[in-house]
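[1] Here is my input, please return the structure:
(one chain, ligands or ions: 2)
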Amino acid sequence: LRSLVGSEMCIRDSGDQLNSQHSWFKEVNPSVCYVIMEMRQETDYVDHHLQKVVAFFNAMRQFKITLESQGHMVRYLALDAPENKQNLLLNLNLLIKEYKVSQFQYLYPDEFRLDQQLKKFCTALSIPSLAYDTEHFMTTRIFLTNFFEGKKQSIMEFFYRRIRKDFHLLMEGEKPLGGAWNFDKNNRNKWKGSPEIPAPFIPNKVALESLVSLLKSNDVNTLGTIDLTAFLYPSNREEALQQLQYFNENLLCHFGTYQDAMNTNETNLFHSRISFALNTKMINPLEVVESVISYYHDNTKDIELSQVEGFVRQIIGWREYMRGIYWREMPEYSKKNALENYNPLPNFYWTADTKMNCLNTSIQNSLDTGYAHHIQRLMITGNFALLAQVNPDEVDRWYLGIYADAVEWVQLPNTRGMSQWADGGIVATKPYVSAASYINKMSNYCDECIYDKKKRVGEDACPFNSLYWNFLDDKKQYFYKNNRMGMMLRLLEKISPADLAGVKERAYKIIANPDAF
Ligand code: FAD
Ligand code: SF4
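    Ligands and ions are numbered 1, 2, ... in the order given. As a prediction, this is how the structure comes out:
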């Protein structure tokens, strides 16, 4: 947020507005004061992972240092500053008075909640106000709405191709490079111990102990743990760019192939871990994909196009698409529960205390690092929550809290839409559910599990198997008209009534007390 002192004010209230390349900062204006605030309003709206809060506060503090070193005036309200009212609007009123502000400016927030709060605030202000684009995304908030206007479905693939064409990314004239838009069939391999996975990028060491103590002494509720010797979140743009370069040089060559793989001993595989840097806006999506594509063109002997296309699709396809869905569908989206699921979230989501090896591994590494890669989020924790018919409100709260990259505009469509099908098919044409066979195909989780991946009844049967068939049976009325569910429903019909009764009995046992499994 920005304010002209005696004349103007720019306020940056939140940790996801750390775009040092924004045109606001091109010139130093001594009558402009930038405001950055650490507030209980933001730490407390859900319980966040300790590493998430530390990573955000650290990046905000580093951003203040960068701006000041460039000569900008910055007012930083630390969490324990005596004048901090811990609420955005109360703080703004205080600062506007203190600096005798004559114009108030802010960057468009990416969260609906903050957007509404600031809009309301500005309407009531007696001084003029101005909102600016964040200069981060490749598409505007309403681009997706206009693009799909009048269409029955909003298919990501068409959106993705349009962005590829508009920005001329991986294109040969009007045609996609390599003759295809999608190389997914070359991807999706299980990782069986080779090729070797490089260690993750480790940013420069900064002292974070004081931030951890600050949160503790102010009784901020957090979840998960922190190991300061293995803290992987970048502090600033420079480190984010190094992280990107590290990805290009070490991980890109196998990214697509092992994109959907999971392994008990490997948290990151060939994933970039760039989401935190992107979501705080330290770096922007166009520069990320341009850097990856340029590295590919310089190294075509070592890197296949399928690896690069797979990565570019995530950033300019899924990421931009999810943002467009968010702004088109909010605020109703956050209440959607198309499958009418109302069960509570198992307690083991907060502790990893479960015998199911896939869930234990995925949740434990989330608690340890504030990170899990996409397939763990979608096909392990998300899959189980949907099969157990958990209330999407509870599922949302967990995903919004546990991951360091979780910001509502991207977390919500991924959780409620892609993962829980609570939006009734806006994002995903069919629910992402699977029994043990898929998990076993993509990971080594089942090899070391006490449950039998092949059984669906009996004390040692894999809970995913009983829950899967029970889910299809319980929810079949929602899917009769869905062509993509036809095969699954036909397989369900082939199960004899007696067998199905046995499967459902076990599934209800699991749903009644998931923490016992
Ligand atoms: P990589 O696998 O290296 O992918 C590169 C980048 O592509 C990511 O950094 C991310 O910016 C983008 N990307 C990939 N998939 C998606 C996607 N589905 N939606 C949006 N961007 C994508 N991503 C978040 O950034 N924040 C969230 O809060 C979040 N919540 C999720 C919740 C659920 C239930 C699911 C299924 C996915 C969620 N994702 C979220 C998407 C994805 O899982 C993460 O972006 C990814 O795991 C981040 O790790 P990475 O940087 O190593 O990604
Ligand atoms: Fe998970 Fe079932 Fe495999 Fe165990 S057997 S790891 S519970 S899918």
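
[2] Tell me if I'm right that residue 195 and residue 254 touch.
    Yes - at 6.0 Å, residue 195 counts as touching residue 254 under the criterion of Cβ atoms under 8 Å. In this view, the C-beta of every residue, glycine as well, is placed from N, C-alpha and C.

[3] Between the two, which is the more surrounded one?
    Regarding residue 195 and residue 254, a neighbour count based on other Cβ atoms under 10 Å identifies residue 254 as having more, with 21 against 11.

[4] how about that one, what does it touch?
    Residues in contact with residue 254 (Cβ atoms under 8 Å, 6 or more residues apart in numbering) are 195, 270, 307.

[5] Check for me that the second one belongs to a helix.
    Looking back up the chat, that one is residue 270. No - according to DSSP: H, G, I helix; E, B strand; the rest coil, the state of residue 270 is coil, so it is not within a helix.

[6] That one touches residue 258, doesn't it?
    Yes - Residue 270 is within contact range of residue 258, at 5.1 Å (criterion: Cβ under 8 Å).

[7] Leaving aside the residues adjacent along the chain, what's closest to residue 67?
    Take residue 67 and drop its neighbours on the chain: the residue closest to it by Cβ to Cβ, 6 or more residues apart in numbering is residue 74, 5.1 Å away.

[8] Give the burial count for residue 425, as a bare number.
    Neighbourhood size, residue 425 [other Cβ under 10 Å]: 16.

[9] give me phi/psi at it?
    Reported as degrees, to the nearest 10, the phi and psi values for residue 425 are phi 110, psi 20.

[10] go on, residue 222?
    phi -130, psi 170.

[11] list the contacts for it?
    Residue 222 makes contact with 47-50, 53, 215, according to Cβ under 8 Å, 6+ apart.

[12] 10 Å instead, please
    Neighbouring residues of residue 222 by Cβ atoms under 10 Å, 6 or more residues apart in numbering: 43, 47-54, 212, 215-216, 401.

[13] can you pull the pLDDT of it?
    As predicted, residue 222 sits at a pLDDT of 97.

[14] same question, residue 378
    The predicted structure lists residue 378 with a pLDDT of 98.

[15] That one belongs to a strand?
    No - the assignment for residue 378 by three-state DSSP gives helix, which leaves it out of any strand.

[16] That one and residue 299: what is the separation?
    Distance of residue 378 to residue 299, given as Cβ to Cβ, to the nearest Å: 30 Å.

[17] between those two, who's got more neighbours?
    Set residue 378 next to residue 299 and count neighbours by other Cβ under 10 Å: residue 378 wins out with 20 against 14.

[18] thinking the more buried one is in contact with residue 417, fair?
    No - counting by Cβ atoms under 10 Å, residue 417 is not a contact partner of residue 378; they are 11.3 Å apart.

[19] For the chain, which residues are neighbours of ligand 1?
    Contact residues of the chain with respect to ligand 1, defined by Cβ under 6 Å from any ligand atom, are listed as 271-275, 278-279, 314-315, 318-319, 322, 373-374, 377-378, 382, 399, 403, 405-406, 410-411, 414-415, 418-419.

[20] List the ones among the residues you listed that fall in helices.
    Of the positions in these, 275, 278-279, 322, 374, 399, 410-411 sit in helices, assigned by DSSP state H.

[21] Name the member of the residues you listed with the most neighbours.
    For these, the largest number of neighbours (other Cβ under 10 Å) sits with residue 399, at 25 neighbours.

[22] if I read this right, that residue contacts residue 412, doesn't it?
    Yes - using Cβ under 10 Å, residue 399 and residue 412 qualify as a contacting pair, with a distance of 8.6 Å.

[23] Quick check: end-to-end length of stretch 255-274?
    Its first and final residues considered, stretch 255-274 spans 13 Å by Cα to Cα, to the nearest Å.

[24] Same question for it: list its buried residues.
    By neighbour count on 16 or more other Cβ atoms under 10 Å, the buried set for stretch 255-274 is 255-264, 266-274.

[25] quick one: is it near ligand 2?
    No - no part of stretch 255-274 sits close enough to ligand 2 to count as contact by Cβ under 6 Å from any ligand atom; the gap is at least 9.3 Å.

[26] Can you give me the distance of residue 18 to residue 200?
    Here the criterion is Cβ to Cβ. By it, residue 18 lies 21 Å from residue 200.

[27] Then residue 356?
    Relative to residue 200, and taking Cβ to Cβ, residue 356 is found at 26 Å.

[28] higher neighbour count, the two?
    Between residue 356 and residue 200, residue 356 has the larger neighbour count (other Cβ under 10 Å), namely 25 against 19.

[29] what residues are up against the more buried one?
    Applying Cβ under 10 Å, 6+ apart to residue 356 gives the contacts 348, 362-363, 380, 384, 436, 439, 445-446, 449-451, 462-464, 510, 514, 517.

[30] For residue 48, the count of nearby residues, please.
    Counted with other Cβ under 10 Å, residue 48 comes out at 27.

[31] Which helix or which strand is home to the residue nearest to it when sequence neighbours are not counted?
    Of all residues not flanking residue 48 in the chain, residue 401 sits nearest, at 5.0 Å (Cβ to Cβ, 6+ apart). Here residue 401, judged by DSSP states H and E, is contained in helix 392-402.

[32] where does this structure dip in pLDDT?
    Along the chain, the model assigns pLDDT under 70 to residues 1-14.

[33] Let me know the next secondary structure element after the longest helix seen in it.
    When secondary structure is assigned using DSSP H, the longest helix within the chain turns out to be helix 50-69. Reading on from helix 50-69 to the C-terminus, the next helix or strand found by DSSP H and E is strand 73-77.

[34] by how many degrees do that next one and helix 50-69 diverge?
    Relative orientation of strand 73-77 with respect to helix 50-69: 150 degrees, computed using axes from the mean of the first three to the mean of the last three Cα atoms, to 10 degrees.

[35] Which strands or helices does strand 73-77 pack on?
    Using 3 or more Cβ pairs under 10 Å, 6 or more residues apart in numbering; DSSP states H and E as the contact criterion, the neighbours of strand 73-77 among helices and strands are strand 2-4, strand 8-12, strand 32-37, helix 50-69, helix 88-98.
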